[in-house]
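Engineer: here is my input; please provide its structure:
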Amino acid sequence: MNVLKKLFFKLNDREQILLLFSLWIVVLVCFFKFFESGLSLYQEWGLTEQMIAGHQTVISLKPVIDQALEAQKLEQANKSYDKNNLSNRVSTLADKVFPQRDYRELDTDERERYSQHKVRIKFARSSYENVNEFADLIRQESPYMFLSEVKIEPNYPPKSRPYDPTTYDATFVVSSVEFVSQ
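Structural biologist: The predicted structure is shown next:
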């Protein structure tokens, strides 16, 4: 310590003041960084606490969710569509509205308690009434069959024939949920 004292007093007054000022700046910057990291850590703990509370809420709702799923499973017993029944039913409904449609079965999403079957139907250059009628037919089958995706693109008539009707290209993804038997 004596060595530092001797070095400090060897400096002239201006150098001593500059050295002390620089040391105080370094101490203040270190204190500010320490305070900033502590505040950041405190905020992170708060967010983590909120996430834990949210997860505990979901976990506490698990019995109610399980009970509702079982009730839905019992209600839909022998009414839900498996993949073949969904395909047949959707094809029949589409034939009523727009026979020249494009039809494709999609992959089934299999989960722990249920399977979601999907079928894609495309109507090319159909009228708005046909698109709306098909959507209504699917809605009538709810909750056993539902629209999971709908994409409608208008085809406007050319400027040379402005009085021609507007047609629509519509893509429907129709789904059904089949509960897994345990």
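
Engineer: so how far is residue 4 from residue 138?
Structural biologist: Residue 138 sits 85 Å away from residue 4, going by CB to CB, to the nearest Å. To be clear about C-beta, it is placed using only N, CA and C from the backbone, and glycine gets the same treatment.

Engineer: who has more neighbours, these two?
Structural biologist: Shown here are residue 138 and residue 4; by other CB atoms under 10 Å, residue 138 has more neighbours (21 against 8).

Engineer: what residues does that one make contact with?
Structural biologist: 90, 93, 145, 146, 147, 172, 174 (CB atoms under 8 Å, 6 or more residues apart in numbering).

Engineer: buried only: go through these for me.
Structural biologist: Buried residues within these, counting neighbours by 16 or more other CB atoms under 10 Å: 90, 93, 145, 172, 174.

Engineer: tell me if the fourth one really is in a strand.
Structural biologist: Yes. Remark: residue 172 belongs to a strand, assigned using DSSP: H, G, I helix; E, B strand; the rest coil.

Engineer: could you check how far it is from residue 149?
Structural biologist: Separation of residue 172 from residue 149 (CB to CB) stands at 7 Å.

Engineer: I am finished for the moment; much appreciated.
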